[in-house]
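Chemist: A structural model of the following input is requested.
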Amino acid sequence: AEVFGRAASGFAAQAQRNYEAASLVEVARVALLRDDGAAAAASAQRALDLVESSSGHAAEALALLALADADDAGHVDLDALESVGRTEAADAIRVRTALLAERRGDRELVVTSAAPVRQRRGTGLRHRLRRHLAVALVAAADDDVAAARRAVASGLSLLARHQAALGAVDLRAEARGHGEALASLGLRLAAGRGAIDLLLTSERSRAGTSRLPRPPVADDPELGSLLARLRSAQRRLDELDPLDDDRAPVAREVGSLERAVATRRRMRPGAGGRPTTVDERRLREASHEAVLVSFVEVDGDLVRLDLVDGRCRRRDLGSLDELAVPVDGLLRAVTRLADRRVRPAMAAELRRRDDTDAHALTARLLDGVPEGRPLVVVPTGRLHGVPWAALGPLRDRPFVLAASLTGWLDAEERTAARSSSGACAVAGPD
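Modeler: Residues are numbered from 1 along each chain as shown. Just a heads-up that it's a prediction; the model follows:
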């Protein structure tokens, strides 16, 4: 019991240190975005002092420390990491540093950090997406926006094909996480161009724009076994720290199993999904029948894109974090009002709060949205928690919430095709 007690105390202390380190890393990141290098370096160093050098928080802190004090790059001996076989960890730190430098406008540090990663040749999805991201970062730093956008588009296309080949929904979601940094960079690059470019870029990055494939068939035990092994390897990889010596062989195992699953699925006609094509013409045509509204987050700011009658308009709505209070307040009020046990006095107060928060969100999110047609809304981030039906303009208006405009359009066309392909018989209860 005494040994168990000491072990439990040790685990609790380590968990507390990890929590504090994560908080310090976030403080350092915010300080960097505010150009306060001294505060960022101090917070990153405190995070390093709290955790072991092999932890994920340490890897992030190293990148932040290198960026906060670029003249003191000795904090991150990446060549030493590579010499002991930790190339993946070194490249992860390089890319993190390059991303943070890109946000701060430090072009020289972007190039020096991302250039080595750009030359890598790997077979796993993580390696390949990281390389696309490095190519895009270096091109953007050299003011070659076209090349940067091509690299982002190529990486997202790779991700969509990979998701379609895997088939299993949980594995598709896992793969989706690997492309988040690439998608965010693509949005930042498109934000300086026209509204339609930003809309199409967001569509390519959303949901991988990959159709949900059929689940693995029960009569293929080999495919089922491969998927089970892939899930197990993926869990082991996620549990390993970035600087762990065992990470490289597990990463190779994951890549090998992903290729085996994709190969096996291709052997079974109709078993896999296929990437959906984002078609500008189709979206413009659909906007003559419905008002298409897509919300996009760019560097923490919310942008609304309205596609109406073939024309796309952009409206900047300010910081997305500013919506946290009305969104959470409205959601709590709606949830409490659904409880029949709420007393009348409390119900009246909740309705008052409901109306206040709903009015604030309506004014912020839906001001200027054309009326008179069905509405399609694609939320982002915190907006997924908005009870949209509680907003005044939508209470008596037909509307649809969708993960992406392309996904909604595909579903509409499939529904129309089924409804016109045959007869439907309906029998009532009598």
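
Chemist: what about the strands in the chain?
Modeler: Using DSSP state E, the strands of the chain run over 291-298, 301-308, 311-319, 375-378, 399-401.

Chemist: which stretch among these comes nearest Ser23?
Modeler: Checking the strands of the chain against Ser23 by Cβ to Cβ gives strand 311-319 as the closest, at 21.2 Å. In short, each C-beta sits where N, CA and C put it, glycine included.

Chemist: other SSEs contacting the closest one?
Modeler: If contacts are counted by 3 or more Cβ pairs under 8 Å, 6 or more residues apart in numbering; DSSP states H and E, strand 311-319 sits against helix 195-205, strand 301-308, helix 344-365.

Chemist: list the buried residues in that strand.
Modeler: Residues of strand 311-319 classed as buried by neighbour count (16 or more other Cβ atoms under 10 Å): Cys312.

Chemist: hmm, back to that, buried deepest among the helices and strands packed on strand 311-319, which one?
Modeler: For the helices and strands packed on strand 311-319, the largest average neighbour count (mean count of other Cβ atoms under 10 Å) is found in helix 195-205, namely a mean of 23.

Chemist: what is the orientation angle of that helix with strand 301-308?
Modeler: On the basis of axes from the mean of the first three to the mean of the last three Cα atoms, to 10 degrees, helix 195-205 is oriented at 100 degrees to strand 301-308.

Chemist: contact partners of helix 195-205?
Modeler: 152-153, 156-157, 179, 182-183, 186-187, 189-191, 209, 278, 280, 283, 294, 296, 298, 303, 305, 307, 312-314, 404-406 (Cβ atoms under 8 Å, 6 or more residues apart in numbering).

Chemist: filter the residues you listed to the buried ones?
Modeler: Buried by 16+ other Cβ under 10 Å: 152-153, 156, 179, 182-183, 186-187, 189-191, 209, 278, 283, 294, 296, 298, 303, 305, 307, 312, 404-406, out of these.

Chemist: just to revisit the earlier point, to Ala101, which of the strands of the chain lies closest?
Modeler: strand 291-298 (18.3 Å).

Chemist: residue nearest the centroid of this structure?
Modeler: With distances taken as Cα atoms, centre = their mean, Glu180 lies nearest the centre of the chain, 4.2 Å away.

Chemist: dump the residue contacts of it.
Modeler: With Cβ under 8 Å, 6+ apart as the criterion, no residue contacts Glu180.

Chemist: if you set the cut-off to 10 Å instead, what comes out?
Modeler: Leu129, Ser205 (Cβ atoms under 10 Å, 6 or more residues apart in numbering).

Chemist: put together CSV for the helices and strands packed on strand 311-319, with mean pLDDT and distance to Phe399 on each row.
Modeler: Below are those laid out as CSV (pLDDT from 0 to 100; distance: least, Cβ to Cβ, whole Å):
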stretch, mean pLDDT, distance to Phe399
helix 195-205, 89, 18
strand 301-308, 93, 14
helix 344-365, 77, 12
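
Chemist: going along the chain, name the helices of the stretch 151-300 of the chain.
Modeler: According to DSSP state H, counting those that start in this stretch, the stretch 151-300 of the chain carries its helices in the segments 169-178, 180-191, 195-205, 221-239, 247-266, 280-286.

Chemist: flag whichever of the ones you listed has the least confidence on average.
Modeler: Across the helices of the stretch 151-300 of the chain, helix 169-178 has the smallest mean pLDDT, namely a mean of 56.

Chemist: what's the spacing between Ala148 and Ala115?
Modeler: According to Cβ to Cβ, to the nearest Å, Ala148 stands 14 Å off from Ala115.
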